[in-house]
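Asker: Mind folding the following:
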Amino acid sequence: MCDEPKIDNSTQEPMNCTNHTAYVQCLPAPNITCKDHLGVEKVFTGREVGFYKPIACRNVNGYSYKVAVALSLFLGWLGADRFYLGYPALGLLKFCTVGFCGIGSLIDFILISMQIVGPSDGSSYIIDYYGARLTRLTITNATFRKMQSYP
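Answerer: Below is the predicted model:
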């Protein structure tokens, strides 16, 4: 039985997150007997920590998802969203062209809403821990691909 992670209110990520990993303590059920690598048996009462479960966490640097979407929706035609996310050249270009005549503002609103465009420093948005968070799926050389068989 593992505890829920303690969430930091300022970052909305688990506390003590280092290298994209945080740990929560897990308690084995009462009267469980385990053997360690030396063969020593231990009986758990259900009150002591049996192990620590790693959970994934993200690197955040203070850029709020809600603020970015609001800026993009209401002030995107002035480039405020790009200035906020750390892209001053694109922000200035959007300001001078009035959001590329509105087309660029619409495209940026969609890209920011879908979390495709993020902060320029490579960090993630601050999103409520149990909020609408997207996870990008990618295929790399380490991805297992199952061969398709045709009947």
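
Asker: Give me the contacts around stretch 27-40.
Answerer: 1-3, 41-50 (C-beta atoms under 8 Å, 6 or more residues apart in numbering). Glycine gets a C-beta too; all of them are placed from N, C-alpha and C.

Asker: Setting aside sequence neighbours, what's the nearest residue to the residue nearest the centre of the chain?
Answerer: Nearest residue to the geometric centre of the chain (C-alpha atoms, centre = their mean): R58, 4.5 Å. Distances taken as C-beta to C-beta, 6 or more residues apart in numbering put S124 closest to R58, at 4.2 Å, once the chain neighbours are dropped.

Asker: need the contact list for that neighbour.
Answerer: R58, N59, V60, G118.

Asker: what's the neighbour count on the third one?
Answerer: Applying other C-beta atoms under 10 Å, we find 20 residues neighbouring V60.

Asker: And it, how far from L92?
Answerer: Distance, V60 to L92, using C-beta to C-beta, to the nearest Å: 26 Å.

Asker: Parallel or antiparallel, which strands does the helix or strand of the chain with the lowest mean pLDDT pair with?
Answerer: None of the helices or strands of the chain scores lower by mean pLDDT, DSSP states H and E than strand 32-35, at a mean of 85. Strand pairing for strand 32-35, determined by DSSP bridges: strand 41-44 (antiparallel).

Asker: buried sites along the partner strand?
Answerer: Within strand 41-44, the residues that qualify as buried are F44, counting by 16 or more other C-beta atoms under 10 Å.

Asker: Could I get the average pLDDT for that strand?
Answerer: Mean per-residue pLDDT for strand 41-44: 87.

Asker: Need the residues that contact it.
Answerer: L27, P28, A29, P30, N31, I32, T33, C34, K35, D36, G50.

Asker: So among the residues you listed, which ones count as buried?
Answerer: For the contacts of strand 41-44, buried by 16+ other C-beta under 10 Å: L27, P28, G50.

Asker: for the protein, what spans make up the strands?
Answerer: 21-26, 32-35, 41-44, 51-56, 60-64, 124-126 (DSSP state E).

Asker: As CSV, those strands with distance to L75 would be great.
Answerer: Formatted as CSV, the strands of the chain follow (distance: least, C-beta to C-beta, whole Å):
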stretch, distance to L75
strand 21-26, 35
strand 32-35, 57
strand 41-44, 57
strand 51-56, 33
strand 60-64, 15
strand 124-126, 18
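
Asker: Okay then, goodbye and thanks.
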